[in-house]
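[1] Structure of the sequence below:
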Amino acid sequence: MVKKVLITGGSGGIGKQTAIALAKEGYYVIITGRSLKSCNDALAEIEDKSNSHNIDYIIADFNSMNSLQSLVDEYLSKHYSLDILINNVGYLNEQKEFTEDGLEKSFFINALAPYVLSNLFLGLLSKGSSGKIITLSGGMHPRTIQLDNLQAEKSFLGIVTYSHSKLVMMALMIGFGNTLGDTKVRSNICYPGQASTAMTNSLTPKMFPRFFRLFFPFLKFANRIDIKNPDKSAKIASKSTLYLALNTEAQIFHNCYINYKCEKVGLPNSVTKAENQNGVIRYANSITNKILGIDFINKK
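    Numbering: from 1, shown residues only. Next up, the predicted model:
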């Protein structure tokens with residue numbers, strides 16, 4: 001049976017390069033994108049570069065909790081198996097914005113969405129012999145998780161808020177991994193490293209602390225797109241994801257953190273603290289329970 005992989009945000013950047021590589025390996029690849037055009041464009045490119053027609057898409061804008069539930073429902077209406085879930089989609093913005101549910105978008109898309117989708121797809125992933133969940137980290141890990149600032153209630157600053165939301169995601173996913181028990185599903189996190197993508201090219205000086213703004217021109221230059229090979233850096237950045245998906249030695253990994261060199265490294269101290277894991281999971285669960293009516297903590 002052909003193995004299936006779902007890649008959120010697979011219509012561009014690192015996700016699209018991951019989709020191309022896995023399609024070449026014989027996987028049936030399903031990507032998500034925010035619009036019909038972005039999905040169709042990506043579908044055509046993935047098919048062309050992989051020489052595979054086992055590609056499908058689901059339109060998902062990640063702008064509400066219901067959009068996540070709709071993504072899952074549409075997947076289940078079309079497919080009866082899932083071998084790998086890759087939580088790849090990311091969000092970075094200069095201004096503070098909110099979802100239709102009133103949730104701050106950096107927190108919702110970067111941290112809460114991977115946790116919710118992993119829970120909602122867990123039953124399907126558990127049916128196979130070796131279900132995998134791979135979640136992409138990013139940004140510059142801050143030293144601490146601010147449990148009183150999870151939705152940037154106290155402060156918001158582009159890259160700082162983005163980095164904090166990715167750290168919160170790590171605590172959520174490690175806490176989630178601890179609950180999998182005897183299931184055959186393995187969950188891991190990977191850091192892709194620097195890449196020139198639509199998101200990184202949207203960076204502005206206002207997204208950085210004042211001191212770092214002095215160096216913004218150099219950062220922008222380092223993240224410039226190679227006109228001759230625009231997919232080069234995203235392809236390189238997909239290596240850690242592909243390592244967890246395909247490499248034989250990585251098949252036994254669970255609740256591990258893989259860097260951009262495909263090396264297993266230690267988790268940030270703030271992520272390993274039980275109080276942080278429990279705190280973010282309780283907070284996330286209070287939101288999902290209120291909006292979706294699902295209690296992930298007591299459901300397992």
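
[2] Go ahead and confirm residue 253 touches residue 189.
    No. Counting by CB atoms under 8 Å, residue 253 stays clear of residue 189, with 10.1 Å between them. For glycine as for every other residue, the C-beta is placed from the backbone atoms N, C-alpha and C.

[3] between the two, which one's more packed in?
    For residue 253 and residue 189, the more surrounded residue by other CB atoms under 10 Å is residue 189, and the numbers stand at 25 against 17.

[4] Model confidence for residue 223, exactly?
    Residue 223 carries a pLDDT score of 61 in this model.

[5] Which pLDDT value goes with residue 193?
    Taken from the predicted model, the pLDDT recorded for residue 193 is 84.

[6] show me what contacts it?
    Applying CB atoms under 8 Å, 6 or more residues apart in numbering to residue 193 gives the contacts 236-237, 240, 259-260.

[7] List buried residues within these.
    236-237, 240, 260 (16 or more other CB atoms under 10 Å).

[8] can you list contacts of stretch 101-112?
    When contacts are defined by CB under 8 Å, 6+ apart, stretch 101-112 is touched by residues 62, 64-65, 89-93, 96-99, 138, 150-152, 156, 161-162, 164-166, 168-169, 172, 280, 284, 287-288, 291.

[9] The longest helix seen in the chain packs against which elements?
    Looking only at the chain and at elements set by DSSP state H, the helix with the highest residue count is helix 158-177. Under the contact definition 3 or more CB pairs under 8 Å, 6 or more residues apart in numbering; DSSP states H and E, helix 158-177 sits against helix 113-126, strand 132-136, strand 186-190, helix 269-272, helix 274-291.

[10] Apply 7 Å and report the result again.
    Secondary structure elements in contact with helix 158-177, counted by 3 or more CB pairs under 7 Å, 6 or more residues apart in numbering; DSSP states H and E, are helix 113-126, strand 186-190, helix 269-272, helix 274-291.

[11] any weak-confidence spans in this protein?
    Residues of the chain that meet the criterion pLDDT under 70 lie in 195-201, 205, 212-216, 218-230, 299-300.

[12] and the closest residue to residue 185 other than its chain neighbours, how far is that from residue 188?
    The shortest distance from residue 185 to any residue other than its chain neighbours is 4.0 Å, reached at residue 131 (CB to CB, 6 or more residues apart in numbering). Computed with CB to CB, to the nearest Å, the distance linking residue 131 and residue 188 is 12 Å.

[13] same thing with residue 293?
    Spatial separation of residue 293 from residue 188 under the definition CB to CB is 29 Å.

[14] what's around residue 36, how many residues?
    For residue 36, the neighbour count with other CB under 10 Å is 10.

[15] hang on, it packs against residue 59?
    Yes. With contact defined as CB atoms under 7 Å, residue 36 counts as touching residue 59 (6.1 Å).

[16] Please identify the buried residues of stretch 261-273?
    Of all the residues in stretch 261-273, those buried under the rule 16+ other CB under 10 Å are 262, 267-268, 270-271.

[17] do you know how far residue 157 is from residue 146?
    13 Å.

[18] Please apply the same query to residue 54.
    43 Å.

[19] One more: residue 34?
    As defined by CB to CB, residue 34 lies at a distance of 29 Å from residue 146.

[20] ditto for residue 277
    Applying CB to CB, the value for residue 277 to residue 146 is 15 Å.

[21] the more surrounded of these two?
    Taking residue 277 and residue 146 together and counting by other CB under 10 Å, residue 277 has the greater number of neighbours (22 against 16).

[22] The residue nearest to residue 185: neighbour count?
    Per other CB under 10 Å, the neighbour tally for residue 131 reads 23.

[23] again, but for the one 5 residues further on
    The criterion is other CB under 10 Å. On that basis, residue 136 has 26 neighbouring residues.

[24] That one pairs with what?
    residue 190 (DSSP bridges).

[25] so who does it touch?
    Listed by CB atoms under 7 Å, 6 or more residues apart in numbering, the contact set of residue 136 reads 87-88, 90, 190, 192, 241.

[26] can you redo these as CSV with distance to residue 206 and secondary structure?
    Below are the contacts of residue 136 laid out as CSV (distance: CB to CB, whole Å; DSSP: H, G, I helix; E, B strand; the rest coil):
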residue, distance to residue 206, secondary structure
87, 28, strand
88, 26, coil
90, 19, coil
190, 29, strand
192, 24, coil
241, 30, helix
